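**Student:** Return a 3D structure for these sequence lines:
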Amino acid sequence: MKKSIFTAIFLLATLSFDAFAGVDPTATYISSDGVEEKVEKGGEVKGDAPLLVKFTANPSNLEAGYTLEWHFVHSGAEGKDEVTRYEDNPEFTFTQSGQTMVSLIARLNNEVLDSASI
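**Tutor:** Predicted coordinates for the structure are as follows:
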């Protein structure tokens, strides 16, 4: 059985109005060695597909009523979300080889409070 390899890269793009308010996403997964790995901003998730990754938004000091959006876009499908999730801490199974960009957006009344890309 042929294994597919994928890469998810943490890149941070902050549009924060308050230096202490925002999101600080992390990703957790089990490596091919069976070790739990935690990836923070600037890190990279790399492994064989299928790979289950647990994402955590880690919101702090955001105004009441904010919403979170996670967008998963596989390379070659720019502009088309494969999946959009609206919970704080989604799980996603990467099933395709290649690179997938994962973006997190915090909004309040349709105004972007903060964003980060993985």
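**Student:** Centroid-nearest residue for this protein?
**Tutor:** What sits nearest the mean C-alpha location of the chain, by CA atoms, centre = their mean, is V102, with 4.1 Å.
**Student:** wait, what's in contact with it?
**Tutor:** Shown in contact with V102 (CB atoms under 8 Å, 6 or more residues apart in numbering): A8, P25, A27, F55, W70, H71, F72, V73, F92, S117, I118. To be clear about C-beta, it is placed using only N, CA and C from the backbone, and glycine gets the same treatment.
**Student:** isn't G98 right up against A49?
**Tutor:** No. G98 lies out of contact with A49 (CB atoms under 8 Å); the separation is 9.1 Å.
**Student:** re earlier: so the residue nearest to the centre of the chain is in which element?
**Tutor:** Here V102, judged by DSSP states H and E, is contained in strand 98-108.
**Student:** For this protein, give me the ranges with low pLDDT.
**Tutor:** Confidence mapping of the chain against pLDDT under 70 gives the ranges 1-20, 42, 77-81.
**Student:** can we see that at 50?
**Tutor:** 9-18 (pLDDT under 50).
**Student:** hmm, back to that, quick one: the residue nearest to the residue nearest to the centre of the chain when sequence neighbours are not counted from N109, how far?
**Tutor:** Of all residues not flanking V102 in the chain, I118 sits nearest, at 3.9 Å (CB to CB, 6 or more residues apart in numbering). Between I118 and N109 the computed distance is 25 Å (CB to CB, to the nearest Å).
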